[in-house]
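Participant: Coordinates only, no sequence provided:
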């Protein structure tokens, strides 16, 4: 198992954790806590590390079958969470946690897809 695959599994697992934490906030009908923003930004940092690792592997000679798909997944990987967090910046309601949950779930799925197409 190479380093990029290992990082991909870490991102997918952490995304599952963030998703569960955010869904728990929705189920409990609690306002979005500040710590949820912090763990979501940590997911973004891990996603950027995965993207840099995948780009490094690509520049090192590992060519994906479809370059446009690979680059599209990398773009989605690094853009999903910041977009969700910025759109919900001022809204601390229960449903803003749902937006974070959806973005974290999508980030985890895209991380797995990056590992599959690279």
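Facilitator: Done, it's in. Since we're looking at a predicted model, the values are computed, not measured.
Participant: can we go C-alpha only for contacts and neighbour counts from here?
Facilitator: Will do.
Participant: who touches the spatially most central residue of the chain in this structure?
Facilitator: Most central in the chain under CA atoms, centre = their mean is residue 107, positioned 3.0 Å from the mean C-alpha point. Contact analysis of residue 107 by CA atoms under 8 Å, 6 or more residues apart in numbering lists 12, 15, 47, 76, 77, 80, 81.
Participant: And the average pLDDT for the strand or helix carrying the third one is what?
Facilitator: Residue 47 is part of helix 34-59 when elements are defined by DSSP states H and E. If you average the pLDDT over helix 34-59, you get 96.
Participant: Quick one: list the elements packing against that helix.
Facilitator: In terms of contacts (3 or more CA pairs under 8 Å, 6 or more residues apart in numbering; DSSP states H and E), helix 34-59 is packed against helix 3-27, helix 67-87, helix 94-117.
Participant: can you give me the angle that helix makes with helix 67-87?
Facilitator: 160 degrees (axes from the mean of the first three to the mean of the last three CA atoms, to 10 degrees).
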